[in-house]
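Asker: just the structure for this:
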Amino acid sequence: MDQTDRQRLDKWLWHARVVKARTSAAALVEAGHVRINGVRETAPGHSVKAGDVLTIGLDRSVRLLKVIGFSERRGDAAAARVLFEDLQAGAK
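Answerer: Numbering: from 1, shown residues only. Here you go, the predicted model:
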């Protein structure tokens with residue numbers, strides 16, 4: 001597996017626009033609000049790979065996102081949307 005197959009959790013959360021700043025992403029992870037495939041992760045540097053399912057506790061709501069891509073830099077909202085599949089989008 002090369003570097004393009006994985007990315008730091010805090011960086012991915014930031015690139016996917018889950019949070020506004022990378023420091024916020026790191027704080028979110030360190031506070032224990034992120035699970036990878038159901039397992040709580042508290043290391044912002046933990047790497048995520050395509051196919052991982054992230055459960056993210058944010059402001060009294062929970063987001064369930066499946067990692068499907070990576071980005072070298074943070075883009076606009078449209079660019080961020082191609083990095084994940086929102087697993088709750090279909091649930092009504």
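
Asker: R22 is in contact with K11, correct?
Answerer: Yes. Between K11 and R22 there is a contact at 6.5 Å, judged by CB atoms under 8 Å. C-beta here means a position set from N, CA and C on the backbone, and glycine is covered the same way.

Asker: between these two, which is the more surrounded one?
Answerer: K11 (21 against 16; other CB atoms under 10 Å).

Asker: for the closest residue to L13 other than its chain neighbours, give its distance to D59.
Answerer: Among residues not flanking L13 along the chain, A25 sits closest, at 4.0 Å (CB to CB, 6 or more residues apart in numbering). To D59, A25 is 14 Å away according to CB to CB, to the nearest Å.

Asker: do K66 as well
Answerer: K66 is 21 Å from D59, by CB to CB.

Asker: who has more neighbours, those two?
Answerer: For the pair K66 and D59, the greater number of neighbours falls to K66 (13 against 5), based on other CB under 10 Å.

Asker: quick one on the thing from earlier: with only the CA atoms kept, save the helix or strand containing the residue nearest to L13 in PDB.
Answerer: Following DSSP states H and E, one finds A25 within helix 22-30. Extracted C-alpha coordinates of helix 22-30, given in PDB (Å, rounded to 0.1, in the frame of the first residue of the first chain):
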ATOM      1  CA  ARG A  22      -7.300  20.700  11.200                       C
ATOM      2  CA  THR A  23      -6.700  21.500  14.800                       C
ATOM      3  CA  SER A  24     -10.400  21.100  15.400                       C
ATOM      4  CA  ALA A  25     -10.200  17.700  13.700                       C
ATOM      5  CA  ALA A  26      -7.300  16.600  16.000                       C
ATOM      6  CA  ALA A  27      -9.200  17.900  19.100                       C
ATOM      7  CA  LEU A  28     -12.400  15.900  18.000                       C
ATOM      8  CA  VAL A  29     -10.300  12.700  17.600                       C
ATOM      9  CA  GLU A  30      -8.400  13.200  20.900                       C
END
